[in-house]
Every structure is written in C-alpha cells, then in structure tokens.
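Undergrad: the following comprises the amino acid sequence and a computationally predicted model.
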Amino acid sequence: MDAIALLKKYFVNQEAFEIVAKHSRMVADKALGIASALNAGIDLTFIEEAALVHDIGVSKIYAPKLNCYGKSPYICHGVLGREILEKEGFPVHAMVCERHIGVGLTVDDIIRQKMPLPVREMCPLSQEEKIICFADLYYSKNPESLSRENSHEEVRTALKKFGTHKVAIFDQWLAELGKP
C-alpha cells in the first residue's frame, strides 16, 4: 500500500492533505514506537500503513478549519474511511478507520448521543487497532496545535466529556501499552 498516494487521491485540497498527512505521520511514529517497545510480534508495516490512512475519511467531511468541504459531519470520518479503504481493497486497514474514534464507539454511545452512524460496535479489537487508536489520542488535527503532543492528563480531560468509562479504557491501555 502506498498510504501517501491514497491520501493524495482523496484529499483534493492541498492544505487539508498536509494537515492530515502531518497528523497521521505523528500518529504512525508514536504507534510504531509503542509497537516496537512491546516487542510482541506486531506487524509494524501494517501499523505504519494503517496509521497513515486512519483519517482518510476526513476528506469527505465538512470541517472548514481543516479545509474540508464534504457533506458529512466530523463524527462520520471513521465510517467514511472504512468505505474508502474497502473500495480500495484494504479491508483490514478499513477497520482501523472505523474503530479509531476516541477509545472506540459502542452501540450505546451511538444511540445515546444520537450519532449519525450505523448502529454497531466500533471499538478497537486487535492489538494493532488499539495501538493506533491510543496513539491518535495524543494528537489533534487543529492547525494551530498540529505538532503538539497532548499529555496523559489532557487526553483524560478530553475523554472525560464522554464519560468516566472512556477514561478507564484509556488508563487500561496506558497500563497495557506502556507510557509512551
């Protein structure tokens, strides 16, 4: 897979491409560091590829701050990314897209928050999915803070808005995956 070529194919706006490509590179580097430290036979090539394309669905959402002018709300970028990567012939990478939002979305989250998403579990299952999802929590796509890594406490604070159970998942991953 040529992840950068795929991103370029779907991001018609150069500024949007640059934001997502930079964010994704930082996520990939952090995920590779975590996976390497675990030394558990994790597929590093897959980690890098999937991390680089995990936000490809952002190309189809409406987010003017990111120079994206699609029709869908931001929360849909995971399922849109899954659709894109399945169409491109990368079904395993596609699942990373769908399952990387926050610490994962449950059926209860989707129903309770009335999200415009298919009602199904969208939580990371594989070790690779968890690592990428975990690494993604540390970086924003906000152009003003694109290069800044969030602290553990900042990640916890952001997740707390969605419930203490989301913070508990993060803390479990922090213990399991090591303190990056």
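TA: Alright, I've got the coordinates.

Undergrad: for the rest of this, base every contact and every neighbour count on C-alpha atoms.
TA: OK.

Undergrad: quick one, helices of the chain?
TA: Ranges of helices in the chain, per DSSP state H, are 3-10, 14-38, 44-53, 77-87, 91-99, 107-112, 127-136, 152-160, 164-177.

Undergrad: can you redo these as TSV with mean pLDDT?
TA: Shown next, in TSV, are the helices of the chain (pLDDT from 0 to 100):
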stretch	mean pLDDT
helix 3-10	97
helix 14-38	95
helix 44-53	97
helix 77-87	98
helix 91-99	98
helix 107-112	95
helix 127-136	96
helix 152-160	95
helix 164-177	95
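
Undergrad: turn those into CSV, including mean neighbour count and distance to residue 69.
TA: Converted to CSV, the helices of the chain look like this (neighbours: other C-alpha atoms under 10 Å; distance: least, C-alpha to C-alpha, whole Å):
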stretch, mean neighbour count, distance to residue 69
helix 3-10, 15, 12
helix 14-38, 20, 10
helix 44-53, 22, 19
helix 77-87, 21, 13
helix 91-99, 24, 19
helix 107-112, 14, 24
helix 127-136, 24, 23
helix 152-160, 15, 25
helix 164-177, 15, 30
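
Undergrad: closest to residue 62 out of those?
TA: helix 77-87 (9.7 Å; C-alpha to C-alpha).

Undergrad: contacts for that closest one, please.
TA: With C-alpha atoms under 8 Å, 6 or more residues apart in numbering as the test, helix 77-87 has contacts from 54-61, 91, 93-101, 117.

Undergrad: nearest residue to the middle of the protein?
TA: Residue closest to the average C-alpha location in the chain (C-alpha atoms, centre = their mean): residue 100, at 4.2 Å.
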